[in-house]
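Colleague: 3D, please:
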Amino acid sequence: MIIGEICHIEGVREKSGRYNPTMTQEQRKSFDNLILLCPTHHTTIDKNPIEYTTGYLTKMKTDHENKNKINPYNIPSDILKVINVSVNNDEYSLERIYNLLKIYKKLQGIETKKLWYDYFKYALKGLKLSSPLSEDEEDVLKLVFDDILSLESEDIMLDFLDVVPNDIRKGIEKIKSYLETISQQNFTNVNLPRFYKHLNKSDTDTLEYLINNAHNFDKEKFDLFLSNANIDLRRLAEMKTIFFDFERTLWIRLSEGEREKQEHPSLYENIKNLVNKFIGINL
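Modeller: From the prediction side, this is the model:
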């Protein structure tokens, strides 16, 4: 449940509350122009800009910050020690994951392998990694990844990626090439949105990918991908040159899709879905 929203003191758009035409886009997005509010009060201040002026909100933010600067919270050292121990010596440590993978290579029976598979997925969800890793841990992580690749199990691969922080797995080049291969070839794969998410593509990269590959997806898969992509269209709308380029590309692609309906029946519907989202955000 979301109980806090990051709000603009001076509005982002021309019709927004407290809009200041002299501000740059960078100034509007800066920390000085942001305030944290609950959803109810976010709506209240935006609908009552005369009562909730820029000066009023700035003072409210400053008063709150100053109040909390007086008594800064310090984490007790003994708590830090407990956290450190629990992270680095967890029941499902990296070493234990690696050991389980080595055990699998010696298993023969189908039922035994199935039991191992279920247990290993459970163990992966309990894996905790401290950052940065030591050199030894980095070496073990690479071995773990190689062994997981050899299992040829998408479920296990995705569970593994979900628990490994981005800054830790950036060094494993095989992950990127593996995910790129899946994202460019297996368009019917139900797990594709999850794999693509782990490529950490930008909003513009994701949009280009969806536009260029709209003909490869059936409508249901495309809708699923789009709903999971979490593209920040509001942020793109503020980058007007980029936004206008995409808008033009989408309309041209929609026109092409209409002509290619027989050859690529899903292309027109998928691009129309993207166009509708852009029109909605641009209004």
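
Colleague: Tell me which stretches of the chain form strands.
Modeller: Here the chain has its strands, by DSSP state E, at 5-8, 34-37.

Colleague: could these go into CSV alongside distance to Arg234 and mean neighbour count?
Modeller: The way it works is simple: take the backbone N, C-alpha and C, and place the C-beta from them, glycine included. Output for those, formatted as CSV (distance: least, Cβ to Cβ, whole Å; neighbours: other Cβ atoms under 10 Å):
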stretch, distance to Arg234, mean neighbour count
strand 5-8, 11, 16
strand 34-37, 14, 15
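
Colleague: looking at those, which has the lowest confidence?
Modeller: Least confident of these, judged by mean pLDDT, is strand 5-8 with a mean of 88.

Colleague: where's it relative to the chain centroid, distance-wise?
Modeller: In this view, strand 5-8 has its centroid 20 Å away from the chain centroid, taken as Cα atoms, centre = their mean, to the nearest Å.

Colleague: And the contacts of that strand?
Modeller: 16, 28, 33-39, 42, 45-46 (Cβ atoms under 8 Å, 6 or more residues apart in numbering).

Colleague: Then stretch 53-68?
Modeller: Counting by Cβ under 8 Å, 6+ apart, 9-10, 18, 20, 35, 45 sit against stretch 53-68.

Colleague: Take the strands of the chain and write them to TSV, including distance to Gln108.
Modeller: Formatted as TSV, the strands of the chain follow (distance: least, Cβ to Cβ, whole Å):
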stretch	distance to Gln108
strand 5-8	55
strand 34-37	57
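
Colleague: Out of those, which gets nearest to Leu143?
Modeller: Evaluated with Cβ to Cβ, the strands of the chain place strand 5-8 nearest to Leu143, the distance being 41.1 Å.

Colleague: Thr24: neighbour count?
Modeller: 8 (other Cβ atoms under 10 Å).

Colleague: and what of Lys102?
Modeller: With other Cβ under 10 Å as criterion, Lys102 counts 10.

Colleague: Leaving out the residues flanking it, which one is nearest to it?
Modeller: Leaving aside its chain neighbours, Lys102 sits nearest to Asp147 (7.7 Å; criterion: Cβ to Cβ, 6 or more residues apart in numbering).

Colleague: Against Thr112, how distant is the one you found?
Modeller: 18 Å (Cβ to Cβ, to the nearest Å).

Colleague: More neighbours: those two, which one.
Modeller: Using other Cβ under 10 Å as the criterion, Asp147 and Thr112 rank with Asp147 on top: 17 against 11.

Colleague: So which of the strands of the chain is nearest Phe278?
Modeller: So among the strands of the chain, strand 5-8 is nearest, using Cβ to Cβ, at 22.1 Å.

Colleague: Listing partners with orientation, what would you give for the closest one?
Modeller: Sheet pairing here is set by DSSP bridges, and for strand 5-8 it gives strand 34-37 (antiparallel).

Colleague: export the strand it pairs with as CSV, just CAs?
Modeller: Coordinates of each C-alpha in strand 34-37 appear next as CSV, following Å, rounded to 0.1, in the frame of the first residue of the first chain:
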residue,chain,number,x,y,z
LEU,A,34,10.1,18.1,-4.1
ILE,A,35,8.1,17.3,-1.0
LEU,A,36,6.8,14.0,0.4
LEU,A,37,3.0,13.9,1.1
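
Colleague: Give me the neighbour count for the closest residue to Leu94 other than its chain neighbours.
Modeller: Excluding the flanking residues, the one nearest Leu94 by Cβ to Cβ, 6+ apart is Val140, at 5.3 Å. By other Cβ under 10 Å, 17 other residues sit near Val140.

Colleague: ok, now the one 4 residues further on?
Modeller: Applying other Cβ under 10 Å, we find 21 other residues in the vicinity of Val144.

Colleague: Let me see the contact set for it.
Modeller: Applying Cβ under 8 Å, 6+ apart, the residues near Val144 are 94, 97-98, 101, 160.

Colleague: cutoff 10 Å now
Modeller: Contact analysis of Val144 by Cβ atoms under 10 Å, 6 or more residues apart in numbering lists 94-95, 97-98, 100-101, 124, 127, 160, 164, 172.

Colleague: do the same with Glu260
Modeller: Neighbours of Glu260 in contact, by Cβ under 10 Å, 6+ apart: 215, 267-268.

Colleague: Most neighbours among the residues you listed, please name it.
Modeller: Neighbour-wise, these (other Cβ under 10 Å) top out at Leu267, 23 neighbours.
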